[in-house]
Every structure is written in structure tokens, then in C-alpha cells.
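Engineer: predicted model and sequence follow; I will ask about them next.
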Amino acid sequence: MLAQQADFIKEIKQLNAQIKLLTARIYGRRSEQMVDPNQTSLQLDEGSVFSTPEQTGQQSEETEVVKHPAKKRKRTRNETISKDLPVEEVVIDHKDKQCEHGHELTAVGTHFVREELCMVPAKFFVKRYFERTYKCTDCEKTDCEKTDCEKIDGVSHFYHGNTPKGLLAHSLVSPSLLAEILLQKYSMGTPLYRQIQQLKRGGLLVTETTIANWVIKAAKLLEPLYDLMKDHLLSQRFLQGDETPYQVLQEPGRTASQRSYIWVARSISQNNQPVVMYAYANTRSGKFAQSMYSGFTGVLQRDGYAGYNLLGALVTRVGCWAHVRRKFFADADKDKSHFQETEGLRLINEMFMLEREWKNSSASERYLMRQSKLKLVIDQFWTWCDQTESLPKCLLGKALTYAQGQRAALNRVLDYGEINLSNNASERNMKSLIIGRKNWLFSTSTDDAIWMTILETAKANGLDPRRYIQTLLENIPQLPEFAKAEELEAYLPWNLGQSELQSASA
């Protein structure tokens, strides 16, 4: 009876912990910032009677120096406005050219009053292409005495200009228009049905189906470049990966309620030719991971999902300490009124603080610093984990189980200075998709991965994504139908500078 009662008590504790967790997820804060709720959260002004501590008779009168974090410097006017913006000067003249005595006034200069940032709303215009036609009148002649008879055939020859191919056959869409549509959808998260209203106000009456067809057909044109980016990515030694659920309607052979996934693989932050690749899959199975990373023989940083274990011995898998921290933070924050930081969470936070010290160092320098400083903290963390006991189904127990299961992979961050302590970079790329997904609700095409890859890769290389997409849409259709890899490589983002994009989009 006592044993059964003890089991009931354990189950009640676990259920109470689950209730607190679910309540916190619904109504609590989402940030993992280390703010102790036990501390005062009021923002008090300096000199306030509440911000000045009371001096008691038992306290020393020695002045205690308290260090406050430095306030972030506000940007100046010159830092807010880009130097590349055109400037239009407006000179306000005096309405009268005579003084109050009737004498003529003489201009002596101008003085600055103020400046303001203006915007010209986007506008549509129709561009009609004509080819000027020429003919050779001499070739029509048949008089051999006046002309060279060998070059004269008496037939009229016409010559005309060669108009570049349109983006899509029998379509009104231009590269500039589609580039803006793609930017609004995949970067700003604006669904196509909302963009239709904006296009209508500009004088363009199109349906959502028409725009969707533009997006899908143009993606097919750029698919060879997408494949080339993938090949370049898999040739790199260090990668980061993640995956997230995705819903696609009207997919052949699948119902609308079936869950699909978008996988992402990206270069590390220190790579000078970064690629951010998205791939669509109708499964989260490890078999797709094998297909996606086929040919890759380097180091992959990912979360603890077991599907990556099927990649085999040719791929070295490194864990993500941010995922471990997230689980220990959930345990510490389960009671919103009393934040309880465990020793394990404190040690993980110390790891990230150390990483900030050598964030901008080279890979070799980071490796040496990790071996001399970070390894000591990681060893302390594992010692604490080995000595800590907890119920397996409570939050702390789940955090310990997850960490211990990833122990070997997590320790591998000590072996590579190129890899970050966390996989947050790929999660940020995935967040761009998730923000759009919340607005789109669903997708009717599996080609979203192509556009997300092109857009995020342009961002990672410091390019203007709209200009880059427009440059691709202007030039890729002009290539042969089966373009060679050498021809496509010229349009990889690291082979195109800002100057080329500006001239191409002018």
C-alpha cells in the first residue's frame, strides 16, 4: 500500500509539473533571457529614493561601487541614413525681392534649416518592345555596271534587332515585378492574396492563381542554379542543419492534412562563400537526411534528432548546446513566480559567456581557447549531471536525459574551432520560413525551398536579395536551355558584386 501511495505521489508531481509547463507555454514569456523574477523589475530613475539604498547602523559607510551595464549608444542622424541615398536640395526663396524701404535685395547664400526622408511609392508602367527593321537597298539592284554582280541577288534582305527573351512565354510578368513579389512573400512574409490588393491599387488586375503560376514556373527556370548551390554546399567541410514541419496543399498522391517538412542545411558563419539551402520533403525520416546529405563527408552540427544518425560514419555529428540550455531553462522557469537556476544551467551560461570572448577569433585561436578554458567548464557540467538525480519524466529529468544522450556529440565542439557552440544560425534561417509560414498558413507548391534558398543565400553573402533575384530572372532565361555549370557559376552570389547587381537592375 505504501509503495502504491508513493507511486501516486510521484505521478501527481509529474502531472502538476506538466500543468505548470503547459500553462507557462500558453501564458508565459517566450524569451530565454536570464532575468530572475525574484529581482526588482521596475525601471527606476537615477536619484530616486527607491533606487538609493537605505544605510543602516550596522552597515559600513564605505562607498560600494556598483557596475552597471553600459547603455547602447544611439545612432546619429548620419548613421541612420545611408550615404548611398540620393539627395534632393530644396531652396526656399524669399517671396519679396525688396526690403521694407524698396531697395533691391542681393543674394548672399543659403543656410541649412532641416532635412527629411521621403519615399516615392512603387508604380507600374508598361514596357513595349519594338525591333527596328533595316533592309539593304543595294542588294535589290540588278545593274551590274554600277555594282558588284557577285554580291547582288535581286532579293530584299531585312535586318532587325534581337530582343532578349521574356521571363515567361506569353506572360506580362517582368523580372522586376516578380522579384518584388518574391521579396514580399519570402522575405516580408506577405501572402500572395494580400499582394493582389496592392497590385490592384497600382493598376494591375491579376488573380492569385496567375501570380502563383509565375512563382512556380520561374522556380523551374532557376532550379539548375539551385542544384549548383547545393553541390557547392555539400563540398564544404563544415555544415549546420535543421528541419521544421510544413503543410503543402494539392500535392500529388498526398492529402492536405498530411505533414511535410522543410529541411535546411547551411554553411558555417566563418565561410566566405556561404550557402543556405532549403529542401522540401514529405517525411522527417532519416532516409531523406541520407539523400539530402549524399556526397557530404564533413562535420555536421544539428540537434538531437535521431534521424541524422543514419548519415553513417562519413559524417561527423556535433551537438548543439543551445538545445541543451533550452531544456534546463524550461526546468528553471517552470514556476514563473520563482526562477530556480540549477548548477547545470549556470555552467551552460558560463560556456556561452566564454564563447563571446573569442567570437571574432580565428578557428585555430578558438580551438586553443576552448581546450584551455571551455573544456574545464564542460567537464564540470558532466560531473554535475552524473551526480544529479531526478524523476525521469519531470523537466529536469528530461533535460538530463537529453544531455546525456548527446554527450559525445556535444563534446565534439572542443575538437573544431570552426563550429559554433550552438546551431542557432540554421535556426534563424528556419525562423525566416516559420514567420512566412504563419502568414501563408499553407503552400500550394513545393518550390518554396528554391526561392528561400536563393533569397537567404543572397542575404548571407551581403547582397540585396531583390536585386540579386532580378539579376537572375533577367539573365538566366538568356542562357541555353541546358546551360553548363560554368555558365551558371557566373551567377552564384559570391561571383556577383553589388556593382554588377546595380548595373543589371538599372
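Structural biologist: Now that the structure is in, tell me what you want to look at. Numbering: from 1, shown residues only.

Engineer: list the contacts of the residue positioned nearest the centre of the chain.
Structural biologist: For the chain, the residue nearest the mean C-alpha position is N429 (3.9 Å; CA atoms, centre = their mean). By CB atoms under 8 Å, 6 or more residues apart in numbering, N429 lies in contact with D242, V264, R266, V276, Y278, E456. For the C-beta atoms, the positions are set from N, CA and C on the backbone; glycine is no exception.

Engineer: what's the spacing between it and S174?
Structural biologist: Per CB to CB, to the nearest Å, N429 is found 29 Å from S174.

Engineer: and for Q404?
Structural biologist: 57 Å.

Engineer: quick one: low-confidence ranges for the stretch 101-250 of the chain?
Structural biologist: 140-156, 250 (pLDDT under 70).

Engineer: let's see 80
Structural biologist: Within the stretch 101-250 of the chain, the stretches with pLDDT under 80 are 137-157, 246-250.

Engineer: what do you get for the chain?
Structural biologist: Scanning the chain residue by residue, the ranges that satisfy pLDDT under 80 are 1-11, 13-14, 16-81, 137-157, 246-258, 334-339, 391-393, 431-446, 497-506.

Engineer: what about E88? Give its phi and psi, please.
Structural biologist: phi -110, psi 120 (degrees, to the nearest 10).

Engineer: got the contact list for it?
Structural biologist: Counting by CB under 8 Å, 6+ apart, E88 has contacts C118.

Engineer: can you check the one 4 residues further on too?
Structural biologist: Each residue near I92 by CB under 8 Å, 6+ apart is listed here: V113.

Engineer: repeat that for F288.
Structural biologist: Counting by CB under 8 Å, 6+ apart, F288 has contacts Y261, W263, A281, G307.

Engineer: compare those residues and tell me which is most surrounded.
Structural biologist: Neighbour count (other CB atoms under 10 Å) singles out W263 as the most crowded of these, with 24 neighbours.

Engineer: quick check: the gap between that residue and S82.
Structural biologist: Taken as CB to CB, the span from W263 to S82 is 36 Å.

Engineer: and P465, by the same measure?
Structural biologist: 16 Å.

Engineer: between the two, which one's more packed in?
Structural biologist: Ranked by neighbour count (other CB under 10 Å), P465 and S82 place P465 first, with 21 against 7.

Engineer: wait, doesn't the more buried one sit right on L455?
Structural biologist: Yes - P465 lies in contact with L455 (CB atoms under 8 Å); the separation is 4.8 Å.

Engineer: now do the shared contacts for the two.
Structural biologist: With CB under 8 Å, 6+ apart, P465 and L455 have common neighbours L183, S187.

Engineer: what segments of this structure are strands?
Structural biologist: When assigned using DSSP state E, the strands of the chain occupy the ranges 133-135, 158-160, 238-246, 260-267, 276-281, 299-301, 316-318.

Engineer: for L472, which of those strands is the nearest?
Structural biologist: Of all the strands of the chain, it is strand 276-281 that lies closest to L472, at 15.8 Å by CB to CB.

Engineer: just give me the neighbour total for the closest residue to P493 other than its chain neighbours.
Structural biologist: Of all residues not flanking P493 in the chain, N461 sits nearest, at 4.0 Å (CB to CB, 6 or more residues apart in numbering). For N461, the neighbour count with other CB under 10 Å is 20.

Engineer: what do you get for N475?
Structural biologist: With other CB under 10 Å as criterion, N475 counts 16.

Engineer: distance check, it against L488.
Structural biologist: Computed as CB to CB, the N475 to L488 distance reads 10 Å.

Engineer: before we move on, the earlier item: quick one: which of the strands of the chain is nearest E365?
Structural biologist: When the strands of the chain are compared by CB to CB, strand 238-246 sits nearest E365, at 16.3 Å.

Engineer: which other helices and strands contact the closest one?
Structural biologist: strand 260-267, strand 299-301, helix 424-440 (3 or more CB pairs under 8 Å, 6 or more residues apart in numbering; DSSP states H and E).

Engineer: Q247: which of these is closest?
Structural biologist: strand 260-267 (6.5 Å).

Engineer: report the contact partners of K97.
Structural biologist: Counting by CB under 8 Å, 6+ apart, K97 makes contact with E104, L105.

Engineer: from E104, how far off is it?
Structural biologist: Going from K97 to E104 by CB to CB gives 6 Å.

Engineer: and the residue lying closest to V324 once chain neighbours are set aside, how many neighbours?
Structural biologist: Nearest non-adjacent residue to V324, counting by CB to CB, 6+ apart: A403, 5.0 Å away. A403 has 23 neighbours, counted by other CB under 10 Å.
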